[in-house]
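In: Following is a predicted model, sequence given first.
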Amino acid sequence: KVVIEHTSINPNKSAHIGHLRNACIGDTLARMMKQDHQEVETHNYIDDLGNQLADTLTALLHTESNKPATRFGDYCWDVYSSLNQLYDKGELSTDKRDDVLHKLEEGNNSISWLGYAVADKLSAEHVEEMGQFDITYDLLVWERDIVANGFWDRAFEKLQTSEVFFKQEHGPQAGCWVIRTNEKQEASEESVEHQADKVLIRSNGVLTYTAKDIAYHMWKFGLLE
């Protein structure tokens, strides 16, 4: 089986032309492989636990927009922009967003249910919009399901058996669970950020998107029981 993941728009506002470009590339690859008689399954990964959705939900709770909007996603564009202006001016702390992010991951609370409703509505708009170009998906992969179904818990157990995965005790990453990169590889100044130990669990207990991506890929490759 060939799994092709494409589009994968953050469910925090309307799609734009760049999203359509990526969807066209992914859909074209899927069509070519199907024409070659390969078994193809098309995935659309929906990051409904990330910072972007947390920002949009925070914006909906703390800002307003009077601009006319025909779609919910267009309204979210406006309040999302307004929120970032409040961040820049120091009129609203990003701690509000972090609290929302915690509640989204925790689940079964008012904030998480509102977040799921927002993500569901925006994702439905994205799927409908791509459908206008005859772009469809076999599976919508919801990030919250990766956590709720225990994919990450099992991935975390397996990662702990590796010597390159550990909890950092000192320095700026103290308290974080990280994956060590290849220490022998020489890094240029431009690639230093990519060579640094990769954080999977922040010191406050919040998972990074990389952690959930790893669990998702382990599931796709049949590495989770």
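Out: Great, that's in hand.
In: phi, psi of H126?
Out: phi -60, psi -50 (degrees, to the nearest 10).
In: Where does the prediction get shaky in this structure?
Out: For the chain, the stretches with pLDDT under 70 are 182-196.
In: Which residue ranges of it form strands?
Out: Here the chain has its strands, by DSSP state E, at 2-5, 40-46, 139-142, 165-167, 177-179, 198-201.
In: In a markdown table: the ones you listed, plus distance to A215.
Out: For the C-beta atoms, the positions are set from N, CA and C on the backbone; glycine is no exception. As requested, the strands of the chain are exported to a markdown table (distance: least, C-beta to C-beta, whole Å):
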| stretch | distance to A215 |
| --- | --- |
| strand 2-5 | 14 |
| strand 40-46 | 12 |
| strand 139-142 | 11 |
| strand 165-167 | 13 |
| strand 177-179 | 13 |
| strand 198-201 | 10 |
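In: Could you export those strands to a markdown table, including columns for mean neighbour count?
Out: Shown next, in a markdown table, are the strands of the chain (neighbours: other C-beta atoms under 10 Å):
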| stretch | mean neighbour count |
| --- | --- |
| strand 2-5 | 15 |
| strand 40-46 | 20 |
| strand 139-142 | 16 |
| strand 165-167 | 15 |
| strand 177-179 | 19 |
| strand 198-201 | 20 |
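In: Of all these, which one is nearest L29?
Out: Closest of the strands of the chain to L29 is strand 2-5, at 5.7 Å (criterion: C-beta to C-beta).
In: which outside residues touch the closest one?
Out: 26, 29-30, 33, 38-45, 141, 220 (C-beta atoms under 8 Å, 6 or more residues apart in numbering).
In: Swap in 6 Å and give it another go.
Out: By C-beta atoms under 6 Å, 6 or more residues apart in numbering, the list of residues contacting strand 2-5 from outside reads 26, 29-30, 33, 38, 40-43, 45, 220.
In: Point to the residue nearest the middle of the chain.
Out: Residue closest to the average C-alpha location in the chain (C-alpha atoms, centre = their mean): D47, at 3.1 Å.
In: how much space is there between that one and L207?
Out: Relative to L207, D47 is positioned 12 Å away (C-beta to C-beta, to the nearest Å).
In: same check, this time on L49
Out: Distance from L49 to L207, by C-beta to C-beta: 8 Å.
In: Much appreciated, bye for now.
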